[in-house]
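>>> Just a sequence and a predicted model for now, questions to come.
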Amino acid sequence: MPDGLIVDFLTGATGYRQRHSFGRRQPLPRALGLHKKDADPHRFHIIDATAGLGRDAFLLASLGVRVTLLERNPEMFSLLQQAMARARDHSPEMAAIMDRMHLLHADARHYLGGRSPEYVYLDPMHPQRTGSALVKKQLRQVRELVGTDPDSGDLLRTALQVATRRVVLKWPLRAPALPGIPAPSHQICGKTVRYDVFVRHRT
């Protein structure tokens with residue numbers, strides 16, 4: 001395991017987002033449809049198929065959404081478990097958020113098969129950056145631990161086959177689409193990443 005790698009929901013960027021409550025107008029909640037006036041976050045159940053550091057799942061849970069986090073790497077799964085336990089012990093408010101986060105040690109491609117989730121969110125390992133665009137140290141450590149996710153396309157195709165309402169892919173702003181994937185219904189773009197939104201119409 002890379003030295004110094006830790007998952008923490010109480011401090012740093014993750015804690016800042018929660019403490020300052022940026023709300024449902026952030027790009028990810030918008031991509032999932034949480035910004036709509038009639039959207040009740042407590043009715044949403046989202047599968048985060050690539051949990052990683054858990055930041056996005058934590059953001060969604062802090063808004064009232066139930067999130068199932070899937071992490072196939074055993075070391076990263078353990079780090080997430082420890083972070084969730086620390087957060088749960090920190091305060092009743094954090095414990096309530098943790099109650100909405102259900103962590104599973106599972107390969108999302110296998111887990112999704114045979115299920116019909118309404119919402120699936122994917123943030124696979126992004127293509128390697130070079131030069132001045134190097135990612136932050138913590139994300140480089142995650143890449144060292146979990147690898148490059150060469151099966152991202154397969155996972156996205158699986159999600160598109162089973163999701164009944166929406167699939168959202170977080171991807172670098174200017175990176176090409178994964179090969180063999182249909183065009184998204186729409187995109188929500190930030191400064192460095194975009195959210196490719198695939199609206200499904202299954203019941």
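Cool, the structure landed.

>>> ok, and for stretch 39-58, which residues are buried?
Buried residues in stretch 39-58, counted by 16 or more other CB atoms under 10 Å: 41, 44, 46-58. C-beta coordinates here come from the backbone N, C-alpha and C atoms, glycine included.

>>> Which of those residues fall in helices?
Members of the buried residues of stretch 39-58 lying in helices (criterion: DSSP state H): 55-58.

>>> In the chain, what helix or strand scores lowest on average pLDDT?
helix 12-20 (a mean of 53; mean pLDDT, DSSP states H and E).

>>> what residue ranges in this structure score low on pLDDT?
Applying pLDDT under 70 to the chain flags the ranges 1-4, 12-22, 127-149, 202-203.

>>> Against A163, how distant is R115?
According to CB to CB, to the nearest Å, R115 and A163 sit 9 Å apart.

>>> Between the two, which is the more surrounded one?
Legend: neighbour count by other CB atoms under 10 Å for R115 and A163, higher for A163 (23 against 10).

>>> Now that one. Nearest residue, chain neighbours left out?
Spatial nearest neighbour of A163, chain neighbours left out: V120 (4.7 Å); criterion: CB to CB, 6 or more residues apart in numbering.

>>> Kindly report the same for A83.
Once flanking residues are discounted, A83 sits nearest to V7: 3.8 Å by CB to CB, 6+ apart.

>>> cool, M84 as well?
Nearest residue to M84 in three dimensions, chain neighbours excluded: M98, at 5.3 Å (CB to CB, 6+ apart).

>>> and the longest helix for this protein?
In the chain, taking DSSP H as the definition, the longest helix is helix 74-90.

>>> so what does that helix touch, helix or strand wise?
When contacts are defined as 3 or more CB pairs under 8 Å, 6 or more residues apart in numbering; DSSP states H and E, helix 74-90 packs onto strand 66-71, helix 92-99, strand 101-105, helix 137-146.

>>> Just give the strands next to the host helix or strand of L169 in its sheet, each with its orientation.
Assigned by DSSP states H and E, L169 belongs to strand 166-172. The strands beside strand 166-172 in its sheet (DSSP bridges) come out as strand 119-122 (parallel), strand 193-199 (antiparallel).

>>> what about the first one, distance to the chain center?
The one in question is strand 119-122. In this view, strand 119-122 has its centroid 7 Å away from the chain centroid, taken as CA atoms, centre = their mean, to the nearest Å.
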